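**Student:** Let's see this in three dimensions:
(2 chains)
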Amino acid sequence: MLAIALLVFREVLEAALIVTVVAAATRGVARRSTFIGGGIALGVIGAIAVAIFAGMIEQAVGGSGQELFNASVLLTAVVMIGWHVIWMSSHGKEMVRQMQQVTDSVKTGSSSVAVLLAVVALAVLREGSEIVLFLYGMVASGAGRLDLLAGVPLGLVGGAAVGFALYLGLLRIPLRHFFTATNWMLVLLAAGLSSTAAGFLIQANWLSAWGGQLWNTSWLLDNGSLLGQAMHVLIGYEARPAGMQLVFWLATATVLFLGMRLTGRQETAAHTHKTVAG
Amino acid sequence: MPESSLTRATTIATPQAPGHVLTAWLLALLIALVPMVLMVPMAAVAAEMPEIALTIQNHRFDPTTLKVPANTKFKLRVTNKDTTPAEFESNDLNREKIVLPGSTVTVFIGPLKPGQYKFFDDFHQDTGQGVMVAE
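**Tutor:** Numbers count the residues shown, from 1 in each chain, chains lettered A, B, ... in the order given. From the prediction side, this is the model:
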C-alpha cells in the first residue's frame, strides 16, 4: 500500500505544484475554479488516452516517441506560460487596481486564462499517464484491492495537500506585489519545464548534451528527494544538469524577462496616454 | 454590478494596442523556435554507437550490475519481459523512460565519466534496483 501511495503522491505532487502556481497567478479572475477544474478534468481524460496509446506513441518516431511526446507537451506549456506572463505584464496592474476596488473579483473573459487552463491540463496529462500505467500494472499483477483503495486516495490527498499549503503560503504575499511574484514563479516554472524538455531530447539523441554533467550538487539536494523533486518542478532544479539544459533554461528565462519588460513599458506608455486623453 | 467595473472589464478583455498581441506572439514563437534551432539531428551517429542490453524480469534487472563503456555515448536497450509496465529511471544519469510489457526501448546515455551510476524501476522500487559501472 505504501509503495502505491508513494508513487501516486510523487506524481500528483508534481502536477499539483504546477496547478498551484497557475491558480495563484489567476487569483481573482472570474470563473477561475471552472477553468482550473476543467483543465484537471481534461488532463485526466488525456492521461488515460496517453496511457492507452503509450505503445503507439513510443513507436511513432523511430523508438523515441515517448521522449518527443514529453518534450512537445513541455514546450507547449512553456509557450503558453510565456504568453500569459507577457500578457500579465501589460494587464497585471489593472487587475490589482480592480481587485482593490471591486471586492476581490475581476471580470475578465481573458483568453490568457484559457491558455493557463491548457497548462493545467498538460501537467495533469503528463503525470497522470504515469499513474494510470503504474496502477494498470498493479491491478494486472494482482495487487490487493485494499492496497489500491487505501493507497491511491492517500497519495492523491497527500499530493494535493502540499499544493494547497503552497497556495496558502502564496496568499500571504501583499496584493500589490502578488502578481509580480506569481509572474516570476511562472517564469521560473517555464524555464524549468524547458530544461526538462531539453533533457528528454538529449535522451532521445535529438540534441547534443553539450557537457553531460556540468556539475553535481546531489550531495546538497538530490533529485530523488521530495524537496529536490519539488524544486525540479518549480524552478527546474537539476543536481546534474547537462549543458544544453542550462542553455534552454537561460534562453527561456531571458526571452520571458525581456518580453515582460518590453510589454510592461508599452503598457505604461499606453496608460499614460489614455489618462491624458480621458 | 456597477457600470464602471463593466467598462473596465471590457478594457481588460480586449487589449488596446494590437502591438502587444503581436509582440507577445512573436516572443512566444521565439521561445518555441530557439530550441528547434539548437537541435542537432544525430541519427547518423547513432548507428555506430555501442549497444548495451538490459532486461527486466520478475520486476528485477538482469544484470543488476551493468558494465558500460566510459567516455562514449551508447545506446541502452531495455527489454521488459514482464506482463506489466515498468519505468527505467535514474537520478544519477538523469534519465527516465516507461517500458511497456513485452517491449524494448532505447535510451541514449553518456559520455559517462568512469564511476558507478544507480538506476531503478520506478514502478517496482522494492525489487527493481541496479547499478551501471562505467569503465
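**Student:** List of residues touching whichever helix or strand residue B:133 is part of?
**Tutor:** Using DSSP states H and E, residue B:133 sits in strand B:129-134. Here strand B:129-134 makes contact (Cβ atoms under 8 Å, 6 or more residues apart in numbering or on different chains) with B:54, B:61, B:63-70, B:90, B:92-93, B:110, B:112-121. Every residue, glycine included, has its C-beta placed from N, CA and C.
**Student:** again, only using 7 Å
**Tutor:** Here strand B:129-134 makes contact (Cβ atoms under 7 Å, 6 or more residues apart in numbering or on different chains) with B:61, B:64-68, B:70, B:112-120.
**Student:** How about stretch A:157-172?
**Tutor:** A:9, A:12, A:13, A:16, A:17, A:19, A:20, A:23, A:24.
**Student:** From those, which land in helices?
**Tutor:** A:9, A:12, A:13, A:16, A:17, A:19, A:20, A:23, A:24 (DSSP state H).
**Student:** Look up how far chain B lies from the residue nearest to the fifth one when sequence neighbours are not counted.
**Tutor:** Nearest non-adjacent residue to residue A:17, counting by Cβ to Cβ, 6 or more residues apart in numbering or on different chains: residue A:233, 4.7 Å away. Counting by Cβ to the nearest Cβ, to the nearest Å, the gap between residue A:233 and chain B amounts to 14 Å.
**Student:** Name the helix or strand for residue A:233, please.
**Tutor:** helix A:226-235.
**Student:** Same question for residue A:67.
**Tutor:** Per DSSP H and E: helix A:65-101 holds residue A:67.
**Student:** For the very next helix or strand once past that helix, give the mean pLDDT please.
**Tutor:** For helix A:65-101, the following helix or strand on the C-terminal side (DSSP H and E) is helix A:111-140. Computed over helix A:111-140, the mean pLDDT rounds to 90.
**Student:** Going by neighbour count, list what's buried in helix A:111-140.
**Tutor:** Neighbour-count burial for helix A:111-140 flags A:112-113, A:115-138 (criterion: 16 or more other Cβ atoms under 10 Å in any protein chain shown).
**Student:** which ones are touching residue 124?
**Tutor:** If you meant another chain, say so; for now it's chain A. Neighbouring residues of residue A:124 by Cβ under 7 Å, 6+ apart: A:15, A:40, A:43, A:44, A:47.
**Student:** right idea, wrong chain: chain B
**Tutor:** Counting by Cβ under 7 Å, 6+ apart, the residues that residue B:124 touches are B:59, B:86.
**Student:** any weak-confidence spans in the stretch 151-278 of chain A?
**Tutor:** A:266-278 (pLDDT under 70).
**Student:** Show me what the helix holding residue A:67 is packed against.
**Tutor:** helix A:54-60, helix A:111-140, helix A:175-203, helix A:243-277, helix B:3-13, helix B:18-38 (3 or more Cβ pairs under 7 Å, 6 or more residues apart in numbering or on different chains; DSSP states H and E).
**Student:** now do the same end-to-end measure for stretch B:103-113.
**Tutor:** Length of stretch B:103-113, first residue to last, Cα to Cα, to the nearest Å: 29 Å.
**Student:** picking that back up, keeping just the C-alphas, turn the strand holding residue B:133 into CSV.
**Tutor:** The C-alpha trace of strand B:129-134 is given here as CSV (Å, rounded to 0.1, in the frame of the first residue of the first chain):
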residue,chain,number,x,y,z
GLN,B,129,17.4,-1.8,-8.4
GLY,B,130,20.6,-1.8,-10.4
VAL,B,131,23.9,-0.1,-10.9
MET,B,132,25.8,0.9,-14.0
VAL,B,133,29.6,0.7,-13.9
ALA,B,134,31.3,2.9,-16.5
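**Student:** Burial check on residue B:116, number of neighbours?
**Tutor:** Neighbour count of residue B:116, defined by other Cβ atoms under 10 Å in any protein chain shown: 11.
**Student:** Okay, buried residues for the helix or strand harbouring it please.
**Tutor:** Here residue B:116 sits within strand B:115-121, counting by DSSP H and E. By 16+ other Cβ under 10 Å, the buried positions in strand B:115-121 come out as B:117, B:119, B:120, B:121.
**Student:** Quick check: neighbours of that strand in the sheet, parallel or antiparallel?
**Tutor:** Note on strand B:115-121: by DSSP bridges, its sheet partners are strand B:86-90 (antiparallel), strand B:129-134 (antiparallel).
**Student:** By proximity to chain B, which residue of chain A wins?
**Tutor:** residue A:137 (3.4 Å; Cβ to the nearest Cβ).
**Student:** Test my guess that that residue contacts residue B:85.
**Tutor:** Yes - when contacts are counted by Cβ atoms under 7 Å, residue A:137 is listed as touching residue B:85 (4.7 Å).
**Student:** joint contacts of the two?
**Tutor:** With Cβ under 7 Å, 6+ apart, residue A:137 and residue B:85 have common neighbours residue B:123.
**Student:** tally of neighbours for the residue nearest to residue A:222 when sequence neighbours are not counted?
**Tutor:** Closest residue to residue A:222 in three dimensions, ignoring its sequence neighbours and counting by Cβ to Cβ, 6+ apart: residue A:228, at 5.0 Å. Per other Cβ under 10 Å, the neighbour tally for residue A:228 reads 18.
**Student:** quick one, what contacts residue B:99?
**Tutor:** So residue B:99 contacts B:56, B:78, B:80, B:85, B:86, B:87, B:88, B:105 (Cβ under 7 Å, 6+ apart).
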